[in-house]
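Chemist: Starting from these lines, generate the structure:
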Amino acid sequence: MKPSDKIAFALLFVIVQAVALFCGYFVYKSIHAPLWIALGISMGLSFILGLFFAHFAAASLEERNKELEDFVSDTLHELNIPVATIDANLQLLKNCDSKKIERIKLATKQLQRLYKDLEHFIKGSIKKEYVIFDAKELVQERLELFKDLLKERDVILDLHSCEVKLPRYGFAKVIDNILANGVKFTEPKQQIAISLQDCRLCIADSGVGMNEEEICAIFERYYSSSPHQKGYGIGLAIVKRFCDEEGIEVRIESKKSHGTKICLNLAKVAR
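Modeler: Sure, this is the predicted structure:
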């Protein structure tokens with residue numbers, strides 16, 4: 001529990017007791033009621049106000065627990081991407097390709113950062129680090145990380161510079177999740193188009209696509225359009241939450257059997 005929550009609960013408890021005692025004293029003095037009646041009224045008010053206090057305390061704790069559950073599940077999900085990259089590159093290390101080794105190092109650093117985030121969250125000290133960077137360079141960096149996962153797809157790039165001010169690591173996770181979905185839903189030899197024009201980042205796959213109902217539910221946590229089909233699950237919930245927090249507009253265009261296009265409007269965070 002945060003120190004501010006503890007102080008709030010303590011103040012609320014003092015107020016509850018003060019109100020109950022005041023009411024009991026008022027009844028005793030004003031209408032000259034017997035002391036036991038005044039005490040009964042005071043205790044009854046304490047009980048009623050205590051229920052409200054308990055509800056308030058429980059709501060705050062439930063909210064905090066929900067934040068923790070979401071963060072842990074997000075972290076576990078995020079571990080899948082760098083682990084998959086490490087695994088893919090390890091299978092290709094026979095010739096000791098230096099670029100593949102660099103991708104493994106990059107993915108390993110991402111794992112280490114995720115664990116640090118979890119540690120800081122437990123200690124209650126997570127802070128966003130806002131920096132100015134070129135979104136084009138970050139997209140190219142993440143594409144390098146995904147290179148072996150994308151090599152069987154036809155990747156079309158049209159990237160232009162766009163300086164933004166954002167938590168770089170958080171935005172990298174957004175790109176990773178959208179790219180991961182693109183890889184997941186695009187069969188070998190099919191196309192994935194990635195563009196960054198006028199500070200608008202779009203990633204389009206050639207996968208199964210979605211209908212209108214599925215698009216409306218796509219940002220819900222753990223959503224899957226079918227229990228028998230791979231779904232855009234927790235990843236897009238992470239994307240939406242980050243974008244909402246930073247003022248980035250997210251648009252999705254999709255059609256069954258024609259793929260999905262996800263666009264991020266970075267105009268509000270551009271520098």
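Chemist: which residues touch residue 167?
Modeler: With contacts defined as Cβ atoms under 8 Å, 6 or more residues apart in numbering, residue 167 is in contact with 128, 129, 130, 131, 246. The way it works is simple: take the backbone N, C-alpha and C, and place the C-beta from them, glycine included.
Chemist: So this protein: which segments form each domain?
Modeler: For the chain, automatic domain parsing gives the domain ranges 3-64, 68-122, 130-269.
Chemist: picking that back up, out of the contacts of residue 167, who's nearest residue 190?
Modeler: Nearest to residue 190 among those, counting by Cβ to Cβ, is residue 246 at 31.1 Å.
Chemist: burial count for the closest one?
Modeler: Residue 246 sits with 20 neighbouring residues when counted by other Cβ atoms under 10 Å.
Chemist: quick one, what contacts it?
Modeler: Applying Cβ under 8 Å, 6+ apart, one finds that residue 246 lies in contact with 166, 167, 170, 269.
Chemist: what do you get for residue 136?
Modeler: If you count contacts by Cβ under 8 Å, 6+ apart, residue 136 has them with 159, 160, 161, 162, 196.
Chemist: quick one on the thing from earlier: neighbour-wise, which of the contacts of residue 167 leads?
Modeler: Neighbours were tallied for each of the contacts of residue 167 (criterion: other Cβ under 10 Å), and the maximum of 20 neighbours falls on residue 246.
Chemist: just checking, which of the contacts of residue 167 belong to strands?
Modeler: The members of the contacts of residue 167 that map onto strands under DSSP state E are 130, 131.
Chemist: Take the contacts of residue 167 and lay them out in TSV including distance to residue 216.
Modeler: Shown next, in TSV, are the contacts of residue 167 (distance: Cβ to Cβ, whole Å):
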residue	distance to residue 216
128	29
129	34
130	32
131	34
246	22
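Chemist: mind listing what's buried in stretch 247-265?
Modeler: Taking 16 or more other Cβ atoms under 10 Å as the neighbour-count basis, stretch 247-265 is seen to contain the buried residues 248, 250, 252, 254, 259, 260, 261, 262, 263, 264, 265.
Chemist: Setting aside sequence neighbours, what's the nearest residue to residue 265?
Modeler: Of all residues not flanking residue 265 in the chain, residue 249 sits nearest, at 4.0 Å (Cβ to Cβ, 6 or more residues apart in numbering).
Chemist: wait, what's in contact with the one you found?
Modeler: Residues touching residue 249, when contacts are defined by Cβ under 8 Å, 6+ apart, comprise 243, 264, 265, 268.
Chemist: Out of the residues you listed, which is nearest to residue 71?
Modeler: The closest of the contacts of residue 249 to residue 71 turns out to be residue 243 (Cβ to Cβ; 17.4 Å).
Chemist: ok, that closest one to residue 218 distance?
Modeler: Residue 243 sits at a distance of 13 Å from residue 218 (criterion: Cβ to Cβ, to the nearest Å).
Chemist: Neighbour count for the two, which is higher?
Modeler: Neighbour totals were compared for residue 243 and residue 218, and residue 218 leads with 23 against 20 (other Cβ under 10 Å).
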